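In: The following block contains a protein sequence and its predicted model.
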Amino acid sequence: MATPTSGKDNLVGTDGNDFLSGLGGNDTITGGFGTDTLNGNEDDDTLFGGANNDYLYGGSGRDRLEGGSGSDYLVGGLGADTVFGGEGDDVVFVASLAEAKGDVLDGGSGVDRLTLLLGDAKTALSFKAPGTGQSTTFVGATLTGFERYDITGGSGNDGLTGGRFNDVFRGGLGRDTLVGGAGDDMLFGEGNSDTLRGDAGRDNLDGGAGDDVLQGGAGNDYLQGGLGNDRIDGGAGDDNVTVISNGPDGPIEKDVIAGGTGSDTLYLGFTFDTKATILDFGAGSFTLAGGTKVSGFEQLIFSGGSGQDKVTGGASSDSLSGGEGSDTIYGRGGADQLTDGGGADKLYGEDGDDSFFMVPNGTFAPGTAGLTLDKDLVDGGKGNDTVTFGLPWMGAYQSVVLSLADQTKNGGFIKGDTYIGIETFVGTYLDDVMRGDKNNNTFDGGAGDDVLSGNAGNDTLIGGQGSDTLTGGSGNDVFDLTEFYLDYYPGVPNVDGYYYADTKGDVITDFVSGQDKIRLDLGDFLDDGTLKVAVESGAGNTAQASGPVLRFDTQARELWFDRDGKGSDADPVLLATIGTLTQLKTTDVLFV
């Protein structure tokens, strides 16, 4: 490999990854094997990438770049360059209008991309991607053999149209018209009032500033108008349209938004608004307070601000969050997700299997007594509804104290809340207390040492991680230990094959054999393919059978799992202490 000089050099790389750079003079640089970086610098250079994925930079002058095999990255630089990608999926990069003039650019075989940054263009640009095997002339350059185009326009009123592959067009500052064509395209209007048409494919359209027109066309598209009074039509397909408020100090927009055909989703982000938002999504079409008209959507995702919002969902599964104000939210049909924010909220799930997410709110001082908490009302309505209590992972917070039979005793961060028609409650990572009523309740304690009591009804109690205390009460109850956590090897978590009693297990206070059930997940204890576990009772925790054994110690009233039977190579694991049980039957256990 020769040392470069200011004259005419011939530089050849090795079989490794080389960095070869010319100086002055008309140099010839060959990369050879390896992932090479070749830099011609000044004058009229010739660069050959060779095998593998290479990086070629012509510098100034009339250069010739050939990528060879591999997926190469080629930059001609200033001067009338000839660039040939060769085999592989290559990228040819042109940094300005000045660099493009006089170039002959050919992607070669493969799926090649041409990137043109033409922000320095002052007049209108007009581009249409040529068909397969065809050439075109654009901004003084001859273009051949490219499948994908990434073009940024200038300050003129540009017209950019893509082909059958995935293109990216950015309009720049003018009043631009961007058309994606076939393929999954990304169109950005940026400044001024632009027209964006996705056509076929799964396109992403962003109008930016100005009064834009966005048309998704066929395919499942993503559309966002941005600032200005925009007209948005999703077209055919299952589209997503985003409208984000500019906040209390922003301009009032009057958009016209239509979902088109298909199952379309509208995202309304009003997080920074201080005024109330009132809308009935189920009406099919509605007008927001600022004048924005909406129609033709099937699903709503709503995020409110600090005002007292009143939002009603539709027939499908919506996601609704009122934000910081005292909001009233109705889910209507579908399996909706309703989120409690700040303020005294009223959340009504109505039809469908709805989910509610509750977080601490109100005048809240973490870790102190005498908290002033907002009083929320949650009504699940019809269906099997779930409330999940959530806490941030940082900070000192109170846990949940839930008392369904007498909700004046609700405490912790849900003090003052009322819950109606909820079938399932999921606790926090702290030590929660949940007590049921006469209905069939499902309590999932989550992490922490929880106290769960079903009361009357056929209840399901899921202790989760931690050493929990479970009381079924009257009825046919299920004590679910499927979330039981084993530290297989103390100090080295999750080392398969080592089962040590690194847990205290749960406490079940009132199990009735033949009436209640203990539910276990075989996958928590057994290797893949092992489907059978013996169930036995007797004095002590030493299994009598061989193979996996679930043994109830009739003396200590403890339920143990022995992975291999007879304790031959692994200590048995304590699952639970069952205070009222004298003998465990095979029919008392549900394996899933």
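Out: Structure's in. What do you need?
In: Show me where the protein has its helices.
Out: Counting by DSSP state H, the chain forms helices over residues 97-100, given from the N-terminal end onward.
In: remind me which residues of it are low pLDDT?
Out: Low-confidence regions of the chain, defined here as pLDDT under 70, cover residues 1-2, 246-252, 362-373, 392-396, 484-503, 525-531, 566-570.
In: same thing but at 50, please
Out: Judged against pLDDT under 50, the low-scoring parts of the chain cover residues 363-371, 487-502.
In: Would you mind listing the residues in contact with residue 50?
Out: The neighbourhood of residue 50, defined by C-beta atoms under 8 Å, 6 or more residues apart in numbering, consists of 13, 30-33, 36, 68-69. Bear in mind the C-beta positions are built from the backbone N, C-alpha and C, glycine included.
In: how about 6 Å then?
Out: Shown in contact with residue 50 (C-beta atoms under 6 Å, 6 or more residues apart in numbering): 31-32, 68.
In: ok, now residue 299?
Out: Residue 299 sits next to 265, 316, 318 when contact means C-beta under 6 Å, 6+ apart.
In: Mark which of those are buried, thanks.
Out: 265, 316, 318 (16 or more other C-beta atoms under 10 Å).
In: Just put the contacts of residue 299 in JSON lines and tack on distance to residue 391.
Out: Putting these into JSON lines (distance: C-beta to C-beta, whole Å) gives the following:
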{"residue": "265", "distance to residue 391": "29"}
{"residue": "316", "distance to residue 391": "30"}
{"residue": "318", "distance to residue 391": "25"}
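In: Which residue, other than its chain neighbours, is closest to residue 549?
Out: Closest residue in space to residue 549, ignoring its immediate chain neighbours: residue 543 at 3.8 Å, by C-beta to C-beta, 6 or more residues apart in numbering.
In: Name all residues that make contact with the one you found.
Out: Residues touching residue 543, when contacts are defined by C-beta under 6 Å, 6+ apart, comprise 549, 551, 562, 565-566.
In: and the residue lying closest to residue 334 once chain neighbours are set aside, how many neighbours?
Out: The spatially closest residue to residue 334, leaving aside those adjacent along the chain, is residue 317, at 3.9 Å (C-beta to C-beta, 6+ apart). The local packing of residue 317 (other C-beta atoms under 10 Å) involves 19 other residues.
In: Start at 25, not 1
Out: Sure, I'll start counting at 25 from here, so that last one is residue 341.
In: measure residue 341 to residue 74 for me?
Out: Shown here: residue 341 relative to residue 74, a distance of 55 Å by C-beta to C-beta, to the nearest Å.
In: I'd say residue 581 and residue 604 touch.
Out: No: taking C-beta atoms under 6 Å as the contact criterion, residue 581 and residue 604 are not neighbours in contact, 8.1 Å apart.
In: more neighbours, these two?
Out: More neighbours surround residue 581 than the other of residue 581 and residue 604, with 17 against 12 (other C-beta under 10 Å).
In: Please name the nearest non-neighbouring residue to that one.
Out: With sequence-adjacent residues excluded and distances taken as C-beta to C-beta, 6+ apart, residue 581 is closest to residue 602, at 5.5 Å.
In: In this structure that neighbour contacts residue 535, no?
Out: Yes: with contacts defined as C-beta under 6 Å, residue 602 counts as touching residue 535 at a distance of 4.9 Å.
In: Which of these two has more residues huddled nearby?
Out: Between residue 602 and residue 535, counted using other C-beta under 10 Å, the more crowded position is residue 602 (27 against 23).
In: List the residues that contact residue 243.
Out: So, once contact is read as C-beta under 6 Å, 6+ apart, residue 243 ends up touching 224-226, 261.
In: One more: residue 579?
Out: residue 563.
In: Could you check how far it is from residue 605?
Out: Distance, residue 579 to residue 605, using C-beta to C-beta: 12 Å.
In: and what of residue 184?
Out: Plainly put, residue 184 is 75 Å away from residue 605 if you go by C-beta to C-beta.
In: Neighbour count for these two, which is higher?
Out: Each of residue 184 and residue 605 had its neighbours counted (other C-beta under 10 Å), and the higher figure belongs to residue 184 (28 against 23).
In: Spit out the contact partners of the nearest residue to that one once chain neighbours are set aside.
Out: If you skip the residues right next to it in sequence, residue 184 has residue 193 as its closest partner in space, 4.4 Å away by C-beta to C-beta, 6+ apart. Counting by C-beta under 6 Å, 6+ apart, residue 193 makes contact with 175, 184, 202, 211.
In: ok, residue 36 - how many residues close by?
Out: Under the criterion other C-beta under 10 Å, the count of neighbours that residue 36 has is 15.
In: right, and it touches residue 54 too?
Out: Yes: counting by C-beta under 6 Å, residue 36 does reach residue 54; the two are 4.8 Å apart.
In: Roughly how far does the closest residue to residue 293 other than its chain neighbours sit from residue 191?
Out: Once flanking residues are discounted, residue 293 sits nearest to residue 268: 4.1 Å by C-beta to C-beta, 6+ apart. The gap separating residue 268 from residue 191 is 25 Å, by C-beta to C-beta.
In: Looking at those two, which has the bigger crowd around it?
Out: Regarding residue 268 and residue 191, a neighbour count based on other C-beta under 10 Å identifies residue 191 as having more, with 29 against 17.
In: who's in contact with the more buried one?
Out: For residue 191, the set of contacting residues under the criterion of C-beta under 6 Å, 6+ apart consists of 172-173, 209.
In: 10 Å instead, please
Out: Contacts of residue 191 were listed using C-beta atoms under 10 Å, 6 or more residues apart in numbering, and they are 137-138, 153, 171-175, 184-185, 202-211, 225, 227.
In: Among those residues, which lie within strands?
Out: Mapping the contacts of residue 191 onto strands (DSSP state E) picks out 137-138, 172-175, 184-185, 202-203, 210-211.
In: Nearest to residue 398 among those?
Out: In terms of C-beta to C-beta, no member of the ones in strands among the contacts of residue 191 lies closer to residue 398 than residue 210, at 42.1 Å.
In: for the closest one, which residues make a bridge with it?
Out: residue 192, residue 228 (DSSP bridges).
In: same thing with residue 161?
Out: The bridge-partner assignment for residue 161, based on DSSP bridges, gives residue 166.
In: And it, how close does it get to residue 86?
Out: For residue 161, the distance to residue 86 under the criterion C-beta to C-beta works out to 18 Å.
In: can you pull the contacts of residue 250?
Out: Taking C-beta under 10 Å, 6+ apart as the criterion, residue 250 is in contact with 212-214, 218, 230-234, 236, 238, 266-268, 270, 277.
In: Cool, thanks, signing off.
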